[in-house]
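Q: This is a predicted model, with the sequence first.
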Amino acid sequence: MVRKILVSAALVSALFVVSGCRHKTQNPLANIDSKQPDKGLFDRAMDSMKKAKYQESRTLLETLINTYPDSEYIARAKLALGDAWYNEGGTAAWAQAEAEYKDFQTFFPNLPEASEAQLKIASMHYRQMEKPDRDFAQAQRAADEYKTMIQQYPDSPLVPEAKQKLREVQEVLAERQFRIAHFYFLRDNLAASQARLQGLTESFPLYSGAHEALYELGLLYEKEASGLSKQKLPAAQKEKLVAQFQNKAIEAYSKIVTRYPATARVSDAKRRLAALDAKIPEPTPEALAESKAEEASRQKASMVAKVTGNFKKHPGVEASAKVGEPNLSEETVPSAPAMVQDLTNQINGMQASQNIGVQAIGTGTGTPGANEAPPGTQPTDPKSTDPTSEGTAPKVAPAQVNEVQKTNNGVDVTQEPATEQQKAADAKVDPKQESSSKKKGKKGLRKLIPF
């Protein structure tokens, strides 16, 4: 009897244990081969990552890194830790992934996987890149990271992919600069437009609209030359300044013909060169082949892509070139105020011996300097106006008209007393000419009306 009771109790206890185990969370560190525990942890982490259990995968990887610092799986575990954040996605997760990848590059800079980590860092910013008319911070970061990838790991097999992504990012950055430059050009802010266009044509030679930017830059130089030709300057100096801007326009048009001979603006550029009496250059066979290859590699967005693109955050990059070497130098944008100051200094140097007011081209109306006489006046002898010069008496200071006059019951006491005739004239005031704001007395029945 006692034996039956003990057996029954054992069965009940086993049932409780089994039922309780069903509600427990499985330990991710269980069932690991004791002979190679670091390999077991790594394999379990990779299996969890494949099943999109990123938190569980990171827990296993961190356990491996902290418990077995000398394991042969340390490098792969650190890279996989960044991959877990990368695959999870989202702004916060990508920030953590970038930190893990940077940490991996610090500890293992010579491993082939370092270039892979750098490419993924750039790709995260690329995927967050916005359209040209929006915030360009992520596009700029993506360009910087792709340049770092190409320069630091030139022998990596991932370099061609990085170059293509860099071309696409630079297409977006160049489009942004062109839109800003065109905005300023239409509003006659020529200095700001010139600065943007110059920086664009120098920094982004593979931009699909580089020929348009050069053509607009040439028109801008011609517009500045025309404005200078209307200024009141000595003939020789004016001719020099006008020729300076016309030569810049010729350089811009000539570059379209020689660097982008397969684009649609070549005929317009040749027409402008002929109007400026400039020699029309001929492109080399190599330049013609290069331009044709670039234009042939570009794609046109379909009608569906154009419609749906308005609802997407990521910009379309179909127009970017698929061939050619992207620019790895820093983007340069000349200073518009420095350009205006340089032109002003040239004009002031030319008119130093003359008193001519000059209007700055595209920047607003200029005014004579503090020590210059206004236009149409002759400078006076400084001794004739200096009260301290010898042989002359100081002039009486003029009456101050910008101060509140002292009054006494509404009468200006600073003025001379009025004569009797003036008082009599003031007394005869036409009631029709009195101010309408003066309160008039009521007559008749209107006295009973309270308003």
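A: Arrived safely, thanks for sending.
Q: And the next helix or strand past whichever strand or helix holds residue 213?
A: According to DSSP states H and E, residue 213 maps onto helix 210-229. Remark: after helix 210-229, the chain's next helix or strand is helix 235-259, criterion DSSP H and E.
Q: Show me what that next one is packed against.
A: Judged by 3 or more Cβ pairs under 8 Å, 6 or more residues apart in numbering; DSSP states H and E, the packing partners of helix 235-259 are helix 210-229, helix 266-275, helix 285-297, helix 336-350. All C-beta atoms are positioned from the backbone trio N, CA, C, and that covers glycine.
Q: so which of those helices is the most packed in?
A: With neighbours defined as mean count of other Cβ atoms under 10 Å, those peak in mean count at helix 210-229, which reaches a mean of 21.
Q: any residues touching that one, and which ones?
A: Identification of contacts with helix 210-229 by Cβ atoms under 8 Å, 6 or more residues apart in numbering yields 174, 178, 181-182, 185, 190, 193-194, 197-198, 200-201, 204, 207, 238, 241-242, 245-246, 248-250, 252-253, 255-256, 259-260, 263-266, 268-269, 272, 276, 359, 361-362.
Q: how far off helix 266-275 does it point, in degrees?
A: When axes from the mean of the first three to the mean of the last three Cα atoms, to 10 degrees is applied, the directions of helix 210-229 and helix 266-275 differ by 20 degrees.
Q: Check the model's average confidence along helix 210-229 for me.
A: Helix 210-229 carries an average pLDDT of 95.
Q: Give me the buried stretch members for stretch 121-134, please.
A: Buried positions in stretch 121-134, judged by neighbour count with 16 or more other Cβ atoms under 10 Å: 121, 122, 123, 124, 125, 126, 128, 129, 130, 131, 132.
Q: want to throw those into a markdown table with pLDDT and secondary structure?
A: Below are the buried residues of stretch 121-134 laid out as a markdown table (pLDDT from 0 to 100; DSSP: H, G, I helix; E, B strand; the rest coil):
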| residue | pLDDT | secondary structure |
| --- | --- | --- |
| 121 | 97 | helix |
| 122 | 97 | helix |
| 123 | 96 | helix |
| 124 | 97 | helix |
| 125 | 97 | helix |
| 126 | 97 | helix |
| 128 | 95 | coil |
| 129 | 95 | coil |
| 130 | 93 | coil |
| 131 | 92 | coil |
| 132 | 93 | coil |
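Q: before we move on, the earlier item: the helix holding residue 213 vs helix 336-350, what angle?
A: Relative orientation of helix 210-229 versus helix 336-350 (the same axes, to 10 degrees): 30 degrees.
Q: Make a markdown table from the helices and strands packed on helix 235-259 and add distance to residue 77 to it.
A: What follows is the helices and strands packed on helix 235-259, written out as a markdown table (distance: least, Cβ to Cβ, whole Å):
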| stretch | distance to residue 77 |
| --- | --- |
| helix 210-229 | 46 |
| helix 266-275 | 57 |
| helix 285-297 | 41 |
| helix 336-350 | 52 |
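Q: Which one of these lies nearest to residue 51?
A: Among those, helix 285-297 comes nearest to residue 51, with 40.2 Å by Cβ to Cβ.
Q: list the helices and strands the closest one packs on?
A: helix 235-259.
Q: does residue 129 really touch residue 138, like I thought?
A: Yes - Residue 129 lies in contact with residue 138 (Cβ atoms under 8 Å); the separation is 4.8 Å.
Q: Any figure for the gap between residue 205 and residue 329?
A: From residue 205 across to residue 329, the span is 11 Å (Cβ to Cβ, to the nearest Å).
Q: So residue 37 sits against residue 68, correct?
A: Yes - counting by Cβ under 8 Å, residue 37 sits close enough to residue 68 to count as a contact (7.3 Å).
Q: Please pull out the lowest mean pLDDT helix or strand from this protein.
A: None of the helices or strands of the chain scores lower by mean pLDDT, DSSP states H and E than helix 382-385, at a mean of 40.
Q: Next one: residue 193 from residue 139, what distance?
A: Distance from residue 193 to residue 139, by Cβ to Cβ: 22 Å.
Q: Leaving out the residues flanking it, which one is nearest to residue 68?
A: Spatial nearest neighbour of residue 68, chain neighbours left out: residue 38 (4.3 Å); criterion: Cβ to Cβ, 6 or more residues apart in numbering.
Q: which residues touch that neighbour?
A: Applying Cβ under 8 Å, 6+ apart, the residues contacting residue 38 are 64, 67, 68, 71, 72, 73.
Q: neighbour-wise, which of the residues you listed leads?
A: Within these, most neighbours by other Cβ atoms under 10 Å means residue 64, with 26 neighbours.
Q: So what's the residue count around the closest residue to residue 324 other than its chain neighbours?
A: Leaving aside its sequence neighbours, residue 324 sits nearest to residue 206 (Cβ to Cβ, 6+ apart; 5.0 Å). Counted with other Cβ under 10 Å, residues neighbouring residue 206 total 21.
Q: Correct me if wrong: residue 206 contacts residue 326.
A: Yes - counting by Cβ under 8 Å, residue 326 is a contact partner of residue 206 at 6.3 Å.
Q: Report the contact partners of residue 195.
A: Going by Cβ under 8 Å, 6+ apart, residue 195 touches 333, 334, 335, 336, 339.
Q: Please work out how many residues are found near the second one.
A: Meaning residue 334. Residue 334 has 14 nearby residues by other Cβ under 10 Å.
Q: hang on, it in a helix?
A: No - remark: residue 334 does not belong to a helix; assigned using DSSP: H, G, I helix; E, B strand; the rest coil, it is coil.
Q: Could you report the distance from it to residue 188?
A: From residue 334 to residue 188 the distance is 19 Å (Cβ to Cβ).
Q: what's the next secondary structure element after the longest helix anywhere in the chain?
A: Using DSSP state H to define each element, the chain has its longest helix at helix 159-186. Going down the chain from helix 159-186, the next helix or strand is helix 190-203, by DSSP H and E.
Q: between that next one and helix 336-350, how big is the angle?
A: 120 degrees.
Q: List the buried residues in helix 190-203.
A: Those would be 190-201, 203, for helix 190-203 by 16+ other Cβ under 10 Å.
Q: Now distance to residue 232 and pLDDT too, for those, in a markdown table please.
A: As requested, the buried residues of helix 190-203 are exported to a markdown table (distance: Cβ to Cβ, whole Å; pLDDT from 0 to 100):
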| residue | distance to residue 232 | pLDDT |
| --- | --- | --- |
| 190 | 20 | 93 |
| 191 | 21 | 93 |
| 192 | 25 | 95 |
| 193 | 25 | 96 |
| 194 | 23 | 95 |
| 195 | 27 | 95 |
| 196 | 30 | 96 |
| 197 | 29 | 96 |
| 198 | 28 | 95 |
| 199 | 32 | 95 |
| 200 | 34 | 96 |
| 201 | 33 | 95 |
| 203 | 38 | 96 |
